[in-house]
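A.B. asks: Requesting a structural model of the entry that follows:
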Amino acid sequence: MNPAYPWHATQWSELRHIVGSDRMGHAFLFSGRQWLGVEALARDFAHYMLCETAARDERPCHNCRGCALFEAGNHPDFRVLSPLEQGKAILVDQVRDLGNFYTLKSHYQRGKISLIYPADAMNRAAANAILKVLEEPPPDALLLLVAHRFSAIPMTVRSRCVRIPCERVETNSALDWLTAELPTMAPEQIGHLFSQSGGAPLKALSVANEAGGDHGADMVEAMVKLKRGRTHALSEAQAFADLPIGELLQVMISVTTRLILARFGCTSFYDQADVAPDPSLQGLADHLNLKHLYRFLDLLFETRALLAGHSGFREVDVAESLWLGLSDAVSGAAI
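C.D. replies: Below is the predicted model:
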């Protein structure tokens, strides 16, 4: 079986090797930022493990009872644990229910598998509860965790999992995939879009298919206006008011990271010599204070972690705070 996305080929080979060796553990931690399809890789692995007829070095047959149930989304030995509301925390009661799931006997003798996504959304009580499952795993239980922020997973949980890092994206395979998905777009446009999206292929595809346009480019334009004193942070907060807070955070993180990389002469997280740097981005980066950018990036990550673990914040207040922080970040001379 090939993974859903070609840039996961290395990770898929590693998983197959682990299954065929004596290193097969009871828990795997897949880590990689958003828009890389990490959750799809974990699901593919669950499917592979629940197929009833495939040899372990082959692929799911797509014909057996296990495959039919999995592909229909109702396999009784597979459970997905996610926040009850998008952007909220995974709660301790949800993890306790997972414990009950593991106490039941497997229906089809392939073991019982659960997928926690995103695992970094677990609050402290939930993380402590999952630790108890990891410390005393039930027989034939397999736990798959997918985390966008590896550092947010407690060390006690990390140390009990086989880690599958998924951060690196092979550029050529990603560009080939985007070319197939966007057959009417010119190669240079695809390369630029990939770079603008921080090397995240699924984000690039989403931007290309989005009617509203490229929020990253709009963000850069807003930052230029803030730098030149032609607008105010609260005015820009209002202009971007239709953007959900989670997406606003993601756009700000992407643009700020690209600005920091541009200060060091890089175009993205990867070596892509055939994609020229964005002149508007580079022009802005050359006039920004690197220390201020790092401070603002810390604020963005802290805010995202805070929103993942708590509820009750007014999105408009959070957005205004972020725009004020951004305004501070673009002020001052470059260093």
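
A.B. asks: contacting residues around whatever helix or strand residue 176 lives in?
C.D. replies: Secondary structure assignment for residue 176, by DSSP states H and E: helix 171-181. Contact with helix 171-181 is made by 5-7, 9, 185, 187, 190-191, 193-194, 199, 201, 204-205, 270-272, as judged by CB atoms under 8 Å, 6 or more residues apart in numbering. Just so you know, the C-beta spots here come from the backbone N, C-alpha and C atoms, and that holds for glycine as well.

A.B. asks: Now list the buried members of those.
C.D. replies: Taking 16 or more other CB atoms under 10 Å as the criterion, what is buried in the contacts of helix 171-181 is 5-7, 190-191, 193-194, 199, 201, 204-205, 270, 272.

A.B. asks: And the protein, what are its domain boundaries?
C.D. replies: Split into domains by automatic domain parsing, the chain comes to 6-165, 171-330.

A.B. asks: Cross the contacts of helix 171-181 against helices and list the overlap.
C.D. replies: Of the contacts of helix 171-181, the ones assigned to helices by DSSP state H are 9, 187, 190, 191, 193, 194, 201, 204, 205.

A.B. asks: Where do the strands of this structure begin and end?
C.D. replies: Ranges of strands in the chain, per DSSP state E, are 27-31, 78-81, 112-116, 141-147, 162-165.

A.B. asks: quick one, which of those strands is nearest to residue 156?
C.D. replies: Closest of these to residue 156 is strand 27-31, at 12.2 Å (criterion: CB to CB).

A.B. asks: Give me the below-cutoff pLDDT ranges for the stretch 51-200 of the chain.
C.D. replies: 54-58 (pLDDT under 70).

A.B. asks: Tell me how many other residues crowd residue 229.
C.D. replies: Burial measure for residue 229: 8 neighbouring residues, criterion other CB atoms under 10 Å.

A.B. asks: just use 51 as the starting number from now, easier for me
C.D. replies: Renumbered: residue one is now 51, and that last one reads residue 279.

A.B. asks: In contact with it, which residues?
C.D. replies: With contact set as CB under 8 Å, 6+ apart, residue 279 has no partners.

A.B. asks: and if we set it to 10 Å?
C.D. replies: Residue 279 makes contact with residue 381, according to CB atoms under 10 Å, 6 or more residues apart in numbering.

A.B. asks: Could you tell me how far it is located from residue 224?
C.D. replies: Separation of residue 279 from residue 224 (CB to CB, to the nearest Å): 39 Å.

A.B. asks: what does residue 270 give?
C.D. replies: Counting by CB to CB, the gap from residue 270 to residue 224 is 22 Å.

A.B. asks: correct me, but residue 219 touches residue 61?
C.D. replies: No. Using CB atoms under 10 Å, residue 219 is not in contact with residue 61; the gap is 11.1 Å.

A.B. asks: Neighbour count: those two, which is higher?
C.D. replies: Between residue 219 and residue 61, counting by other CB under 10 Å, residue 219 is the more crowded of the two (26 against 20).

A.B. asks: State the number of residues packed around residue 69.
C.D. replies: With other CB under 10 Å as criterion, residue 69 counts 14.

A.B. asks: what's the answer for the one 5 residues further on, then?
C.D. replies: Applying other CB under 10 Å, we find 14 other residues in the vicinity of residue 74.

A.B. asks: Provide a list of residue ranges in the stretch 251-385 of the chain with pLDDT below threshold.
C.D. replies: Judged by pLDDT under 70, the stretch 251-385 of the chain has its weakly predicted residues at 261-264, 317-330, 359-361, 383-385.

A.B. asks: and if we set it to 50?
C.D. replies: 261-262, 319-326 (pLDDT under 50).

A.B. asks: on that earlier part again, redo the strands of the chain as JSON lines? Include mean neighbour count and distance to residue 354.
C.D. replies: Below are the strands of the chain laid out as JSON lines (neighbours: other CB atoms under 10 Å; distance: least, CB to CB, whole Å):
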{"stretch": "strand 77-81", "mean neighbour count": "23", "distance to residue 354": "16"}
{"stretch": "strand 128-131", "mean neighbour count": "19", "distance to residue 354": "20"}
{"stretch": "strand 162-166", "mean neighbour count": "24", "distance to residue 354": "18"}
{"stretch": "strand 191-197", "mean neighbour count": "24", "distance to residue 354": "13"}
{"stretch": "strand 212-215", "mean neighbour count": "17", "distance to residue 354": "20"}
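
A.B. asks: Would you mind giving those strands as a markdown table with distance to residue 345 added?
C.D. replies: Listed next are these as a markdown table, based on distance: least, CB to CB, whole Å:
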| stretch | distance to residue 345 |
| --- | --- |
| strand 77-81 | 25 |
| strand 128-131 | 35 |
| strand 162-166 | 32 |
| strand 191-197 | 25 |
| strand 212-215 | 27 |
